[in-house]
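>>> no sequence on hand, only this structure:
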């Protein structure tokens, strides 16, 4: 059975990172994902030969964001020829390099965020709607949150993402959130990527800057007790708790 890999590209079909820069420098405009798609009426299956350049692909959707950035497109691909564990750089868990590949299908790019894909996408949408005042307040809240407790929570976040195989997914989500609303949004996105595995205490610490600013109007307008939050509730509700901070 042919193994499926996951390839991320820019919206125009060009490649990210060193592979994209090298192909652009060589003027290899035909070596683009569009070259493997064929007419829109035809099924996927075109061969894309990038030799001697190799592109990174994820063994799972959550590792496809290596060296990528949001927004992006995501494709299921099959290797044609050798699969390289590294390509002139350090190897990365869940990532391999291909020079020849067949495009199988295009899938929803948000799956690259992992199990929390829907919540991360909602967060990015909300973060993109923040105004300048909110972004200044978020920056101030993030600055005030810094200290040993935040640093310790960040270490737990990283180790949790590594153990879950979601470092690429977390990096992708954090970069996307940072681009529109800064570090408070970035760490909120990180919490959502690993919400099903991150301990509640650390999740609460990392989510606090975002919550303080983005939930403040809601608290003032609604005198009713809030629903389950990051600070309370049974341990098995960690993921549900994190969703409430969007």
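Done, it's in. It should be emphasised that the depicted structure is a prediction, and the values quoted were computed from it without experimental measurement.

>>> any weak-confidence spans in the protein?
Applying pLDDT under 70 to the chain flags the ranges 1, 24-46, 86-91, 217-246.

>>> domain parsing of it, as residue ranges.
When the chain is parsed with automatic domain parsing, its domains come out as 4-107, 113-243.

>>> first to last residue in the shortest one, what's the distance?
End-to-end distance for domain 4-107, by CA to CA, to the nearest Å: 12 Å.

>>> quick thing: my sequence starts at 18, can you match it?
With the count now opening at 18, the last piece we talked about shows up as domain 21-124.

>>> hang on, isn't residue 64 packed against residue 119?
Yes - with contacts counted by CB atoms under 8 Å, residue 64 reaches residue 119, the gap being 5.6 Å. Heads up, the C-betas are built off the backbone N, CA and C, glycines and all.

>>> more neighbours: those two, which one.
Neighbours per residue (other CB atoms under 10 Å) separate residue 64 from residue 119, with residue 119 holding more: 17 against 12.

>>> chain neighbours aside, what residue packs nearest to that one?
Leaving aside its chain neighbours, residue 119 sits nearest to residue 95 (4.7 Å; criterion: CB to CB, 6 or more residues apart in numbering).

>>> surely the one you found touches residue 24?
No - using CB under 8 Å, residue 95 is not in contact with residue 24, being 10.3 Å away.

>>> what do those two both touch?
Taking CB atoms under 8 Å, 6 or more residues apart in numbering as the contact rule, residue 95 and residue 24 both touch residue 118.

>>> with neighbour numbers in mind, choose between those two.
Using other CB under 10 Å, the more surrounded residue of residue 95 and residue 24 is residue 24, with 26 against 16.

>>> residue contacts, the more buried one?
By CB under 8 Å, 6+ apart, the contact list for residue 24 reads 50, 72, 74-75, 81, 91-94, 118, 120.
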